[in-house]
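> Sequence first, predicted model second:
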Amino acid sequence: MATTTTPRPTIPEPAEQALGRGRPVGGFELWTWLFMRISGLLLLVLALGHTLIMHLPDGGVSRINFGFVAVRWESPFWRTWDWMLLMLALVHGINGLRNITLDYVRRPGWRFALNMTYYVLGFTLLVLGTVIVVTFDPTKWGPVG
Amino acid sequence: MASRSRKSKSDYGSIYKGHEGQWSWMLHRITGVAVILFLFAHVIDTAAVGWGPGAYNRITAAYENPIVRLLEYGLVVAVLYHSLNGLKITLIDFFPRLVRRIRPISIAFTAVFVLSLIPITWIMLGQAWDLLQK
């Protein structure tokens, strides 16, 4: 067939033109763009580490109960890990939802309503999680053991 | 011109397959949304620990269910995919010259993803199986 010998078109591959949405030029969108990548690198350790630690060794999540959390959160290291994971994952995820909404939702009213829902939900969970991680004291329910 | 008259039915009926990047982009969104929806629920179920052993142990008892274990397997796969693909995106965004090597880089990341899935699948499906035996 003649068509098989046709030379490759001279226009560049799409991949060489631009990948993804490209870096925003500046302002708030550039900061969120940067935040997604920096927090992503941290979450690669925090979130993937957390997920694998909780699900794989010693029968996975079967070992998780009140006593497990009490012992684990005796360590400031794990409390800090979990709090950083909470903050970064929530903000990263809420911004992801915002990006997706900006892509698919065109009506300004809907956009605003959806984004506000994410912010309120995210902020509420952020406060709830922070209060629990910081104030949790298992000795309120008897000695830890 | 010859090709125009030679079009078979499949030339019209086939779906647009696109660039590989299009699929990883879509999977990145799907896994991202899945993980954040889980996170909303997970913050709330973990917060129950602040209401004492009675409340928290009642919630974690739900983990002892093979169906829940399969959902968790999906969660681990989603987190793994989103982490690795996110690293790929970040690498290429910070070092744009790597775009020229996008194909081998994508193949390498897919290989790491698939190879990591082998032990994860073995261990997690084993846990679900053990629960079924009980």
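Everything's here; your move. Only a predicted model underlies this, so the values are computations on that prediction, with no experimental measurement involved.

> Can you check the pLDDT for B:Ile105?
We note a pLDDT of 89 for B:Ile105 in this prediction.

> Go ahead and confirm it touches B:Lys88.
Yes. Here B:Ile105 reaches B:Lys88: they are 6.4 Å apart, a contact under C-beta atoms under 8 Å. The way it works is simple: take the backbone N, C-alpha and C, and place the C-beta from them, glycine included.

> who's more crowded, these two?
Counted by other C-beta atoms under 10 Å in any protein chain shown, B:Ile105 and B:Lys88 do not tie: B:Lys88 has more neighbours, with 22 against 15.

> Helix or strand: which one has the more buried one?
Per DSSP states H and E: B:Lys88 is located in helix B:66-94.

> what helices or strands is that helix leaning on?
The contact analysis (3 or more C-beta pairs under 8 Å, 6 or more residues apart in numbering or on different chains; DSSP states H and E) places helix B:66-94 against helix A:27-55, helix B:20-47, helix B:102-133.

> Would you convert the ones you listed into JSON lines that also reports distance to A:Gly96?
Below are the helices and strands packed on helix B:66-94 laid out as JSON lines (distance: least, C-beta to C-beta, whole Å):
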{"stretch": "helix A:27-55", "distance to A:Gly96": "7"}
{"stretch": "helix B:20-47", "distance to A:Gly96": "5"}
{"stretch": "helix B:102-133", "distance to A:Gly96": "19"}
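
> Out of these, which gets nearest to B:Val68?
Closest approach to B:Val68 among the helices and strands packed on helix B:66-94 (C-beta to C-beta): helix B:102-133, 8.9 Å.

> quick one: buried residues of the closest one?
B:102, B:106, B:109-110, B:113, B:116-117, B:120, B:123-124, B:127-128, B:131 (16 or more other C-beta atoms under 10 Å in any protein chain shown).

> I'd like to know how many residues surround A:Leu86.
So A:Leu86, with other C-beta under 10 Å, has 22 neighbours.

> what secondary structure does it sit in?
Classification of A:Leu86 by DSSP: H, G, I helix; E, B strand; the rest coil places it in helix.

> hmm, back to that, quick one: which of the helices and strands packed on helix B:66-94 is nearest A:Pro76?
helix A:27-55 (15.5 Å).

> Can you point out the buried residues in the closest one?
Buried, per 16+ other C-beta under 10 Å, within helix A:27-55: A:32-33, A:36-37, A:39-40, A:43-44, A:46-48, A:50-52, A:55.

> Packing partners of that helix?
Looks like helix A:27-55 contacts helix A:76-104, helix B:66-94 (3+ C-beta pairs under 8 Å, 6+ apart).

> check contacts around residue 35.
If you meant another chain, say so; for now it's chain A. A:Val91, A:His92, A:Asn95 (C-beta atoms under 8 Å, 6 or more residues apart in numbering or on different chains).

> wrong chain, I was asking about chain B
Taking C-beta under 8 Å, 6+ apart as the contact definition, B:Val35 lies against A:Ala47, A:Ala89, A:Gly93, B:Leu75, B:Ala78, B:Val79, B:His82.
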